[in-house]
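Visitor: A predicted structure for the sequence below; I have some questions about it.
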Amino acid sequence: MSEHKNPEEIIICRDVHKWFGDFHVLKGINLSVEKGEVVVIFGPSGSGKSTFIRCINRLEQHQKGQIIVDGLELGNDIRNVEKIRQEVGMVFQQFNLFPHLTVIQNITLAPAWVRRTPKEQSRELAMQLLNRVGIPEQADKYPAQLSGGQQQRVAIARALAMQPRIMLFDEPTSALDPEMIKEVLDVMIELAKSGMTIVAVTHEMGFARAVANRMIFFDKGEIVEQGTPEQIFNKPQNDRTKLFLSQILHH
Amino acid sequence: MTTIEMKPPVLAVGPLAWLRKNLFSTWYNAALTLLAIWLLYALFKPALEWATTEARWGVIEANLTLFMIGLYPREQIGRVWLTIFLLSALIGLSWGVWKNAARGFALMALGAGAAFILIALYFQWNVWDEWLLAVGILLLFYVIGLYLPRGNLIATLAWFLYFPFVFLLIAGTKYIATLPPVASNLWGGLLLTLLLTIVGNFGALPLGILLALGRRSKLPIIRYFSIGYIELIRGVPLVTILYMAAILLPLFLPIDVRPEQVIRAMIGFILFEAAYQAENVRGGLQAIDRGQYEAAHALGLSGTQTMLFIILPQALRAVVPALFNSFISLFKDTSLVAIIGLFDVVRIARTILAQPDWLGTHREVFLFAFFIYWGFNLAFTYGSRRVEQALGVGTR
């Protein structure tokens, strides 16, 4: 797949392995993501999809193989890791907003201290982002005062404030009440259409159908099948993919 | 469609309703209440009779200054007043800037100030005007704090500068003619007790934070040093540490460095308290969710930035009650310095008993010392609870 050198490839993973103790979580993942591509990863729980996406910004360390993000290889060099993390935004299942800071402080903290952006400038950018995710009026509230959907939208704005080249989403809607899922998905869809490179672990098949360029089915630490949403939804090749899709589409 | 507006049911809460519900709900409850009232009366009647007839309260009045500042030179007493005025200014400023969080302490200080004015007027002591000035300063700085731009920063800085400045003011220096040095063996009474408490606590907190972080460090040397230090200090009584500081500390220092006994005691308190504060802070660190570290790292914050901006503020806020608890503990523990020859409140009380005029006034003197400690802790507990409420500790 990724044998030929393509300058547009912004994430390159070659034969990535990871173990938790004796448990082999990732069994040789090969995957490349092109600039501007929207990739949706799905699969049963425990299949290693979250672990994999967390390896891309080294919240988990892979133990074998190669991960190259934006031309820099992830390894033990902490400076490379910090550089890559500045270019890669991440949104978590549990939002992980900083509860002791207001919404605007949550968003401006990293630009101010990591990018050394002047105060007014980072505040202005933060307000733009809050407008983009539709909650400018919440700027001076604390996270605990917001609904789950609003918190997740703040988390997206916080990640975007670093002006990343890649966005990772780790089950961004799984902890949300049903009526709030749409407001978060709308923001993600808008982001995807703006040309952002996105890798998302999610079971929101509506999102995948709307904007994904490629869907990847993970099971038992391996990529079982991948293809366009068209191929995956209409003519899945692998039996495990078929079974899983039938389970999540008919509930 | 009309919506029906419902108000919450009104519960009867007058004092009479309360009495009826809690003290006289059944016949045996009423009997127990009456019995308890009689017991309290029987217990305190002799004490009250003694306090109002027999007791020689003159011993307190005659030795009040001694109780407050020990043998601190009387002609330098203005310096002590200055520390009180500065403290009033700071409390007022904090009240204006931080509103709710500092209001408990401010109200306690105002109440104490007003009480001191009344007491002084009643006994015709000539200090009522000083206390009036202190109260005035507090109120003035409250108003200033309300309108001060960048008040948060200024108030924080002022508190940090206050303690070294007070130390300089009390100790004096040979370089400033108006502040001649006062040997620390003359510091005493409540002044010494408070100085030891404040220096001990504010010195111990940063050290405790470092030890708590060290205990979680990935570097084995730092981790084992921190664990060793904490367990060693927590494994021995404070008295032994004070003896060590008084007797052994000079052996480790160069021959021409001979810190005064008070300084040695302060170092002893800091070293002792740091181990306990470290464990308090560690409790807070453990309460922080892993997701907070991950979110900070994912944004590209370095390890130090993550600690300073994300983890420590939350960890410290979570353990505010424990930190205040240690503060009160240390305040009471300062009474142990008597054994290494310092004149804190308790030791002063004992020297007063040796005065020929006041032989046999044990009860009066120790009751007074008791009320000094109790009064301070009561005020402090109230103030700290208000801080906890304002920070939202325990409500999330």
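Guide: Arrived safely, thanks for sending. In this text, all values refer to a predicted model and were calculated from it rather than measured experimentally.

Visitor: Kindly tell me how buried the closest residue to A:A192 other than its chain neighbours is, as a neighbour count.
Guide: Nearest non-adjacent residue to A:A192, counting by C-beta to C-beta, 6 or more residues apart in numbering or on different chains: A:V211, 3.9 Å away. C-beta here means a position set from N, CA and C on the backbone, and glycine is covered the same way. Neighbourhood size, A:V211 [other C-beta atoms under 10 Å in any protein chain shown]: 19.

Visitor: Look up the closest residue to A:K49, ignoring the ones flanking it.
Guide: A:F218 (4.3 Å).

Visitor: The strand or helix carrying that neighbour - what's its average pLDDT?
Guide: Taking DSSP states H and E as the definition, A:F218 sits inside strand A:214-219. Regarding strand A:214-219, the rounded mean pLDDT is 95.

Visitor: for stretch B:311-324, same thing?
Guide: On average, stretch B:311-324 scores 91.

Visitor: quick one: the strands in chain A?
Guide: Counting by DSSP state E, chain A has strands at residues A:9-20, A:23-34, A:38-42, A:64-69, A:72-73, A:88-91, A:166-170, A:197-201, A:214-219, A:222-227.

Visitor: okay, these in CSV with mean neighbour count next?
Guide: Formatted as CSV, the strands of chain A follow (neighbours: other C-beta atoms under 10 Å in any protein chain shown):
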stretch, mean neighbour count
strand A:9-20, 18
strand A:23-34, 18
strand A:38-42, 25
strand A:64-69, 18
strand A:72-73, 14
strand A:88-91, 27
strand A:166-170, 24
strand A:197-201, 23
strand A:214-219, 23
strand A:222-227, 19
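
Visitor: Same list, those strands, but as CSV with distance to B:R79 please.
Guide: Converted to CSV, the strands of chain A look like this (distance: least, C-beta to C-beta, whole Å):
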stretch, distance to B:R79
strand A:9-20, 64
strand A:23-34, 68
strand A:38-42, 70
strand A:64-69, 63
strand A:72-73, 61
strand A:88-91, 57
strand A:166-170, 61
strand A:197-201, 66
strand A:214-219, 73
strand A:222-227, 77
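
Visitor: mind checking which of these is nearest A:I248?
Guide: Evaluated over the strands of chain A, closeness to A:I248 peaks at strand A:38-42, with 7.9 Å, by C-beta to C-beta.

Visitor: So which elements touch that closest one?
Guide: helix A:49-56, strand A:197-201, helix A:205-211, strand A:214-219 (3 or more C-beta pairs under 8 Å, 6 or more residues apart in numbering or on different chains; DSSP states H and E).

Visitor: Let me see the ranges of the helices in the stretch 151-300 of chain B.
Guide: B:151-171, B:189-215, B:220-234, B:238-243, B:249-252, B:261-286, B:290-298 (DSSP state H, counting those that start in this stretch).

Visitor: picking that back up, output the contacting helices and strands for the strand holding A:F218.
Guide: strand A:38-42, strand A:222-227, helix A:229-234, helix A:239-249.

Visitor: switch to 10 Å and redo it
Guide: strand A:23-34, strand A:38-42, helix A:49-56, strand A:197-201, helix A:205-211, strand A:222-227, helix A:229-234, helix A:239-249 (3 or more C-beta pairs under 10 Å, 6 or more residues apart in numbering or on different chains; DSSP states H and E).

Visitor: Dump the C-alpha coordinates for the fifth one into CSV.
Guide: Same thing as helix A:205-211. Output of helix A:205-211 as CSV, limited to C-alpha atoms (Å, rounded to 0.1, in the frame of the first residue of the first chain):
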residue,chain,number,x,y,z
MET,A,205,-22.1,5.6,10.2
GLY,A,206,-24.0,8.7,9.1
PHE,A,207,-20.9,10.7,9.5
ALA,A,208,-18.8,8.1,7.6
ARG,A,209,-21.3,8.0,4.8
ALA,A,210,-21.4,11.9,4.6
VAL,A,211,-17.7,12.7,4.6
